[in-house]
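# here is my input, please return the structure:
(chains A and B)
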Amino acid sequence: MRGLFVNSQKVHTLELNLTSSPQYGIPFYLQYLAHWPEYFVVAEAPGGELMGYIMGKAEGSVAREEWHGHVTALSVAPEFRRLGLAAKLMELLEEISEKKGGFFVDLFVRVSNQVAVNMYKQLGYSVYRTVLEYYSASSGEPDEDAYDMRKALSRDTEKKSIIPLPHPVRPEDIE
Amino acid sequence: MAIQQADKLLKKHKDLHCAKVLKAIGLQRTGKQDEAYTLAQEVAALEPTDDNSLQALTILYREMHRPELVTKLYEAAVKKVPNSEEYHSHLFMAYARVGEYKKMQQAGMALYKIVPKNPYYFWSVMSLIMQSISAQDENLSKTMFLPLAERMVEKMVKEDKIEAEAEVELYYMILERLEKYKEALDVVRGKLGEKLTSELQSRENKCMAMYKKLCRWPECNALSRRLLLKNSDDWQFYITYFDSVFQLIDESWTPPPEEEHSLEGEVHYTVEQAVKFIEERITEESKSSRPLRGPYLAKLELIRRLRYRGCNDEYKLGDPEELMFQYFKKFGDKPCCFTDLKVFVDLLPSSQYTKFISQLLEVIPLSATAESEIALPADIKALQQHLCVVQLSRLLGIYHAMDKKQKLTVVRELMLRYRHGLEFGKSCLKTELQFSDYYCLLAVHLLLDLWLEGEESAVWQCLTLLEEGLSHSPSNAQFKLLLIRIYCRLGAFEPVAELYSSLDM
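Numbers count the residues shown, from 1 in each chain, chains lettered A, B, ... in the order given. The predicted structure is shown next:
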């Protein structure tokens, strides 16, 4: 794996976004590249094809033990599925977060996306809370809830960060 | 409504700058750009120094896409309040938005003089690097901007004032651009390099880059060997490992007596060692329930390198055909098998193509049923294996050699397989692709070949097949792209717009 923009000067646009990954604009990606380049990891196949990527950030208060890594986007191209690549990319993001002294890693996933929810559960993530109407829908469909899933890192010795909340929250309530 | 509020305020406090600017923002957002601009300039001419007005004007100018006006604003503010860290900061940012690197450099140093914080100093250094990158005269980069940046950083190093990881990254960047690779290597391997912690393998990657530039093949080899032991799927390091081994062989390198092979440890400098290393990686992988592809492909890469040097047979690595067959047996049910093998098909002799394809087909569990004349896969894995073989067939030109009648037979068969394969994808979401989509795509490509050879009617069948494919797999971009191209070629532009926007790029 190499980090994008570190070894290679090329920008692998975004053939991946022809799949089902979220549609972010270029400024969004550039912001992440500028702010958290270490979290931008790209996997390249021997023939040079882009296999997949992961993008994330670190945020939250250390004092409140909320300093954590966050998975913003994870995408694997259809031709490179079923190789354990998503798990590997998640592992790398967790390693980076550990290095930064994060207490946990979290991510948001659509409640209806059972495939993804199960994949993250298999990787050791659990549902911390539900965020109501997190995903605003296009054209007429209702907004969708999200699961905020978490995995505790080694700094959270008592695994306090993953004790589930008893009730759902709204997007405004998220820090 | 905001405009009304602002007006109310202005009635009471005629000269409240901030209120005027807020009114201007309201005007701008309701489409009255000229009025907004005039009002804004009225306030700007008075050279305000209150934070609210300045921030509001900044917002307004950015919405108007006039970032250069922000620089003028803060230049005036800074003249009036020369010791304001905040205004100098904003001025620096304003210059950054318009790419005025020289002014950024000066603003950075001005900030540092007010408050000697490292970031300000290094903003100035970074501005010098930007000047070197954008300089029209390449000479100036190398002889003025970069050396000046280098001296600035060296000063901080000497005074032991380096704090942040980013500062070390900048230092490395400057030295690399100056082609001072030895110095860059020393920085990374030295005490300063210990700060390079954010990115995984940052120090190793930078060291590797420098070893390559310095042609230090022992180090390249030792480091790539170590990194491969950590992760035997990291393809770039197989390439480096092989490159370096062969360089060392060509240089007749031997390890120094009674000393470390290299700064990075043990070095492999013979073909035998390389062969053994790869075989060991394969043995390790074969123990795992989920073997990584890297070592197997690396063996094929090694064969290619040895062939190129005219010496494959001595090392008994085996025939590429056999290795690729074994690879197919292991990984054929993964979609990436085709793209992996594609890299190495040049190792196959063309006389063997048909035999190779037959060999692969034989191991796929297909069975003919009462209804179908052709043998079909019973599950997704078998389907994927078969797809891989079909793709390889096209790649190796097997369809290309056929005549029109045979091609049309193949098309018919591919579509039969496509439709049969839809069974497996019944539970696929709208955003997922059907497992059998590639059959449809290949059928279409065959028809396109026929069309380009003069078969007029083929293109119409292409369109119907593509639309059929799209109806089952609405997210398949390849279907959409092909449809767009064909419709355009035929001059039928109406469907194109919707297809294009559904690609959402």
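# so who does the residue positioned nearest the centre of chain A touch?
In chain A, the C-alpha nearest the mean C-alpha coordinate belongs to A:Val71, at 1.9 Å (Cα atoms, centre = their mean). By Cβ atoms under 8 Å, 6 or more residues apart in numbering or on different chains, the contact set of A:Val71 is A:54-56, A:90, A:93, A:105-107. Just so you know, the C-beta spots here come from the backbone N, C-alpha and C atoms, and that holds for glycine as well.
# could you rerun that using 6 Å?
Going by Cβ atoms under 6 Å, 6 or more residues apart in numbering or on different chains, A:Val71 touches A:56, A:107.
# how about low-confidence regions in chain A?
A:1-23, A:138-139 (pLDDT under 70).
# now the farthest one out in it, which residue is it?
Computed with Cα atoms, centre = their mean, the most peripheral residue in chain A is A:Gly140, at 27.2 Å.
# hang on, that residue is in a strand, isn't it?
No - with DSSP: H, G, I helix; E, B strand; the rest coil as the criterion, A:Gly140 is coil rather than part of a strand.
# contacting residues for it?
A:Gly140 touches nothing, counting by Cβ under 6 Å, 6+ apart.
# any idea how far B:Ile357 is from it?
Remark: distance between A:Gly140 and B:Ile357 (Cβ to Cβ, to the nearest Å) = 50 Å.
# B:Met415 too?
Separation of B:Met415 from B:Ile357 (Cβ to Cβ) stands at 20 Å.
# so the two - more neighbours on which side?
Per other Cβ atoms under 10 Å in any protein chain shown, whichever of B:Met415 and B:Ile357 has more neighbours is B:Met415, with 20 against 16.
# B:Pro218 sits in which helix or strand?
Assigned by DSSP states H and E, B:Pro218 falls within helix B:217-230.
# how about the residues of chain B that lie near chain A?
Within reach of chain A by Cβ under 6 Å from any Cβ of the partner chain, chain B has these residues: B:198-199, B:235, B:297, B:334-336, B:339, B:343, B:431, B:433, B:477, B:504.
# show me the two of those residues that sit farthest apart.
Within the residues of chain B next to chain A, B:Ser198 and B:Leu433 form the most distant pair, 35.9 Å apart (Cβ to Cβ).
# which of these two has more neighbours?
Comparing B:Ser198 with B:Leu433 by other Cβ under 10 Å, the one with more neighbours is B:Leu433, at 24 against 17.
# residues contacting that one?
B:Leu433 neighbours (Cβ under 6 Å, 6+ apart): A:78, B:473, B:476.
# now B:Pro48
By Cβ under 6 Å, 6+ apart, the contact set of B:Pro48 is B:His17.
# need phi/psi at the residue nearest to the centre of chain A.
Main-chain torsions, A:Val71, degrees, to the nearest 10: phi -90, psi 110.
# quick one: it from chain B, how far?
Using Cβ to the nearest Cβ, to the nearest Å, A:Val71 is found at 16 Å from chain B.
# against B:Ile174, how distant is that residue?
The gap separating A:Val71 from B:Ile174 is 34 Å, by Cβ to Cβ.
# A:Ala43 should be in a strand, yeah?
Yes - looking at A:Ala43 with three-state DSSP, it is inside a strand.
# could you give the bridge partners of it?
For A:Ala43, the beta-bridge partners are A:Gly52 (DSSP bridges).
# buried stuff in stretch A:132-144?
With burial defined by 16 or more other Cβ atoms under 10 Å in any protein chain shown, the residues of stretch A:132-144 counted as buried are A:134-135.
# which helix or which strand is home to the residue nearest the centre of chain B?
Among the residues of chain B, B:Gln236 comes closest to the average C-alpha position under Cα atoms, centre = their mean, at 14.1 Å. Here B:Gln236, judged by DSSP H and E, is contained in helix B:235-250.
# okay, the angle between that helix and helix B:217-230?
Put simply, helix B:235-250 runs at 140 degrees to helix B:217-230, going by axes from the mean of the first three to the mean of the last three Cα atoms, to 10 degrees.
# can you give me the buried ones in helix B:235-250?
B:235-238, B:240-248.
# helices of the stretch 251-400 of chain B, residue ranges please.
Assigned by DSSP state H, counting those that start in this stretch, the stretch 251-400 of chain B shows helices spanning B:271-287, B:294-308, B:320-331, B:336-342, B:353-362, B:380-395.
# and the angle from the third one to helix B:380-395?
The reference is to helix B:320-331. Taking the same axes, to 10 degrees, helix B:320-331 and helix B:380-395 form an angle of 150 degrees between their directions.
# tell me the mean pLDDT over helix B:320-331?
For helix B:320-331, mean pLDDT rounds to 95.
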